[in-house]
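# fold the following.
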Amino acid sequence: MLKKWLYKFSSVVFALTLVTYVLTLITVSYVGVYLTYVAVPVIIIFGVLTYFLAPKEVDSMVQKTPNKRILEIDARLKELGD
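Numbering: from 1, shown residues only. Predicted coordinates for the structure are as follows:
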């Protein structure tokens, strides 16, 4: 649950910072270096966090109940035993 929250938070911060930075570069005639000093590391750090915390396809599948997992394991063990 924390991983999902952190992924959502980092993706929002990444997107907002990137959009704000690009819009500032396009619309403002002079951009101080401090904006770049702050925005570029934030974009990189939160972009990497978003990339590595993205939910995997296995995580997004419906979770099985413990009883269903036990039945699947038993069926697999019987297959291997035969």
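
# please, where are all the helices along the chain?
For the chain, the helices defined by DSSP state H cover 2-27, 33-53, 57-60, 66-81.

# list the contacts for Leu53?
With contacts defined as C-beta atoms under 8 Å, 6 or more residues apart in numbering, the neighbours of Leu53 are Lys3, Leu6, Tyr7, Ser10. Quick note: C-beta positions are derived from backbone N, CA and C, even for glycine.

# swap the cut-off to 6 Å and go again
Lys3, Leu6, Tyr7 (C-beta atoms under 6 Å, 6 or more residues apart in numbering).

# so which of the residues you listed is the closest to Tyr37?
Leu6 (24.7 Å; C-beta to C-beta).

# pull the contacting residues for the closest one.
Leu53.

# one more time with 8 Å
Leu49, Leu53.

# give me the most central residue, the protein.
Ala54 (2.9 Å; C-alpha atoms, centre = their mean).

# how about it: what's its closest non-neighbour residue?
Nearest residue to Ala54 in three dimensions, chain neighbours excluded: Tyr7, at 6.4 Å (C-beta to C-beta, 6 or more residues apart in numbering).

# next, count neighbours for the one you found.
Per other C-beta atoms under 10 Å, the neighbour tally for Tyr7 reads 17.

# one more: Ser10?
20.

# apart from its chain neighbours, what residue comes closest to it?
Leu49 (4.1 Å).

# quick one, phi psi at the closest residue in space to Leu25 that isn't next to it in sequence?
In space, and not counting its chain neighbours, Leu25 is closest to Val31: 6.0 Å by C-beta to C-beta, 6+ apart. Note on Val31: its backbone torsions stand at phi -120, psi 120 [degrees, to the nearest 10].
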